[in-house]
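*Asks:* just coords:
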DNA sequence: AGCTTGCTTTCCACTGAGTGAAAAAGAGAT
DNA sequence: ATCTCTTTTTCACTCAGTGGAAAGCAAGCT
């Protein structure tokens, strides 16, 4: 009776070789960046021999690499390929100079995020201080409500997404998170009128932020935010350079147009 | 030394499914970021039906995505995974604050590169100016000799690499490239004594640079450089903050130690 | 309209690449 | 020394993956 399937009961071990290989790659995460063969075997539900063989092939292609001790980790080839991805390709590359300029003017932590399915995704974070509280990792998804960049993208985004998010129960990450749909809806309206969003301790206690949308041809493609961890109520004094940066990115994206990732 | 054995005539079409899938992914590049099924079929030598099927699986895993018109491009999943890679994980993340600080002080373009096999590889480039001559792309390899960061890593690197590079014929990218091994060797010695390298129009005509090494436990792990395209002979006035940044990164890497990628 | 060209997608009988249990070979622990 | 938990190799079986062929699409040309 080794029917120790996962919580759902459905054990979708893929039979396709490619899907299995991708499944193995998918096991690595920020919290577990390196794993042994048997760990991977257990995590995926695939036999050790199979994992062993597939890892060998992935290693040959530099998609994984051995990490000194018996562990494997994702290979540098993935990093190289990541640069050719729509996320990097245009958005980040176009935005970076503007973000730098903003960071230069404000000397605060500057964030850049995009709407990604059911969450806001941090693409870049610029901090000048060497000692940083690593609250938000690049590449990690954040809830729509609660973060400054999330709220502003929700506010300027399409009605369908807004309704969907507001229809679901809103998780309370701190006592100050806006969980009442009515209150949140009013907040979003205010943001749309003001042109930028603010938040104070709504996701991480003790952090304040302000964010503006990057709108290309009428649709939100990203958001620029400024954060700090001093509950600095005066962050709004940066609204002018913030909006300037966001609009600069918007204009530049419209100029260089072509097809935008997505 | 594995060079690109991707010649058109000799096509060692791999029989392993995984290798084929990785081969397909490998076709995408900075110059051809998106391709159609039949283009990929031709480039890889695989039958269209096979490419079609494999692309379907890769798409399901978000390793590729459709790009509006009938084209495919690399998927955002690759970008996410790239962040978990040793290249990003520690090096870039540790260096970024120092690079920002340097950029802030100098207001010039700041580069960050690592030694990668037979070339220097740009990991990051920070430019504050919105209009940038895109001379050096992040992720693209550059010759050891000729670039400031390359020379400084060569100068402080191990003797074996130095001898190997100096043993091969040195490509002349501009009239000012150092192609004579004796001259280059003397230059490297001078760099080692001075602690940083300078170059003027040795790779791209009209560009000047200055670079310092990031040395951890005696071995070169990266280099920080400042470049501009004004043939600004006075770039050396930034040597002090440059060395400061490079040493700051070194120290921080030694502190957080653990195993360094590679 | 038709004809042509070049692409994507579906179909399906065949078969060898991929499989995974089991055994062998290491690597620590106690 | 013997357990225990790893990684690696082996090998006979078989079903996942194959790819030629054909059907579907979409432009472009006459």
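*Replies:* Cool, the structure landed. The structure displayed is predicted, hence computed values, not measured ones.
*Asks:* residues in chain A within reach of DNA strand D, list them.
*Replies:* A:15-18, A:36-39, A:41, A:48-49, A:52-53, A:70 (Cβ under 7 Å from any atom of the strand). (C-beta placed from N, C-alpha, C; glycine too.)
*Asks:* how does it look with 6 Å?
*Replies:* A:15-17, A:36-38, A:48-49, A:52, A:70 (Cβ under 6 Å from any atom of the strand).
*Asks:* which residues does the closest residue to DNA strand D within the stretch 51-200 of chain A contact?
*Replies:* Residue nearest to DNA strand D within the stretch 51-200 of chain A: residue A:52 (4.3 Å; Cβ to the nearest atom of the strand). Residue A:52 is in contact with residue A:37, counting by Cβ atoms under 8 Å, 6 or more residues apart in numbering or on different chains.
*Asks:* Would you confirm that it belongs to a helix?
*Replies:* Yes. According to DSSP: H, G, I helix; E, B strand; the rest coil, residue A:52 belongs to a helix.
*Asks:* related to what we said a few turns ago, which of the residues of chain A next to DNA strand D are buried, as a ChimeraX select command?
*Replies:* Only the buried entries of those go into this ChimeraX selection, using 16 or more other Cβ atoms under 10 Å in any protein chain shown:
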select /A:17,37
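*Asks:* Tell me which of the residues of chain A next to DNA strand D fall in strands.
*Replies:* When DSSP state E defines the strands, the subset of the residues of chain A next to DNA strand D inside them is empty.
*Asks:* can you give me the strands for the stretch 51-200 of chain A?
*Replies:* Using DSSP state E, counting those that start in this stretch, the strands of the stretch 51-200 of chain A run over residues A:64-66, A:72-74, A:109-116, A:119-126, A:141-142, A:197-200.
*Asks:* what number of residues lie near the residue of the stretch 51-200 of chain A found nearest chain B?
*Replies:* Taking Cβ to the nearest Cβ as the measure, the stretch 51-200 of chain A has residue A:82 as its residue closest to chain B, at 2.7 Å. Using other Cβ atoms under 10 Å in any protein chain shown, residue A:82 has 27 neighbouring residues.
*Asks:* Contacts only, for it.
*Replies:* Residue A:82 touches A:88, B:78-83, B:85, counting by Cβ under 8 Å, 6+ apart.
*Asks:* what about stretch A:147-162, distance to the chain center?
*Replies:* Its chain's C-alpha centre and that of stretch A:147-162 lie 15 Å apart, by Cα atoms, centre = their mean, to the nearest Å.
*Asks:* whoops, stretch A:233-245 was the one
*Replies:* 22 Å.
*Asks:* what's the span of that stretch from first residue to last?
*Replies:* With Cα to Cα, to the nearest Å as the measure, the first residue of stretch A:233-245 is 21 Å from its last.
*Asks:* what's the closest of the contacts of residue A:82 to residue A:254?
*Replies:* Relative to residue A:254, the closest of the contacts of residue A:82 is residue A:88; by Cβ to Cβ it sits at 19.3 Å.
*Asks:* how much space between that closest one and residue A:46?
*Replies:* 31 Å (Cβ to Cβ, to the nearest Å).
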